[in-house]
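Asks: Dropping a prediction and its sequence here:
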Amino acid sequence: MRPTTESASGHTWTFLTNHSHVLICLYKDPHMRLSDVANAVGITERAVQRIVMELEAAGVLAHTREGRRNVYTVTPHQPLRHPVEGHCTVNQLLEMVSDPKPTKSKSKTRK
């Protein structure tokens, strides 16, 4: 899925990096194939492979083999890497962008 927001200059951009997008995809579906991640993020499979290797080298992501497939595990308590967001953890990022859990209470509407 390609980003659809265009800036005034006509370039497409997103608030999060491709590294974040790959991590989010693998967090939501640890069994996701890298080709499917590439399609979801809008980058090549080779770029996804490079990002996964970098995330694993940083200790943010790990994988195990299950048959012919990889299963990915996120290390949630790792701090984010840039000094601007270094006070936050990977888990906080993932919680921020994860789908909200349905609430048990019904919302009240005013008439």
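Replies: Here it is on my side, so go on. Only a predicted model underlies this, so the values are computations on that prediction, with no experimental measurement involved.
Asks: where are the low-confidence patches of the protein?
Replies: Along the chain, segments meeting pLDDT under 70 span 1-11, 101-111.
Asks: let's see 50
Replies: Scanning the chain for pLDDT under 50 picks out 107, 109-111.
Asks: show me where it has strands.
Replies: 61-66, 69-74 (DSSP state E).
Asks: Save those as CSV, and put in mean neighbour count too.
Replies: Using the backbone N, CA and C atoms, a C-beta is placed for each residue, glycine as well. Listed next are these as CSV, based on neighbours: other CB atoms under 10 Å:
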stretch, mean neighbour count
strand 61-66, 13
strand 69-74, 16
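Asks: Nearest to residue 38, out of those?
Replies: Nearest of the strands of the chain to residue 38, taken as CB to CB: strand 69-74 at 14.2 Å.
Asks: outside of the closest one, which residues touch it?
Replies: With contact meaning CB atoms under 8 Å, 6 or more residues apart in numbering, strand 69-74 is reached by 23, 26-27, 30-34, 52, 60-65, 90, 94.
Asks: Buried by neighbour count, from these: which ones?
Replies: When these are checked for burial by 16 or more other CB atoms under 10 Å, the buried set is 23, 26-27, 30, 32, 34, 52, 60-61, 90, 94.
Asks: before we move on, back to that, tabulate the strands of the chain (a markdown table), appending distance to residue 19.
Replies: Listed next are the strands of the chain as a markdown table, based on distance: least, CB to CB, whole Å:
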| stretch | distance to residue 19 |
| --- | --- |
| strand 61-66 | 10 |
| strand 69-74 | 12 |
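Asks: Tell me where the longest helix sits in this structure.
Replies: The helix that spans the most residues within the chain, counting by DSSP state H, is helix 45-57.
Asks: Figure out how far that one is from the centre of its chain.
Replies: 12 Å (CA atoms, centre = their mean, to the nearest Å).
Asks: quick one: buried residues of that helix?
Replies: For helix 45-57, the neighbour count (16+ other CB under 10 Å) marks 47-48, 51-52, 55 as buried.
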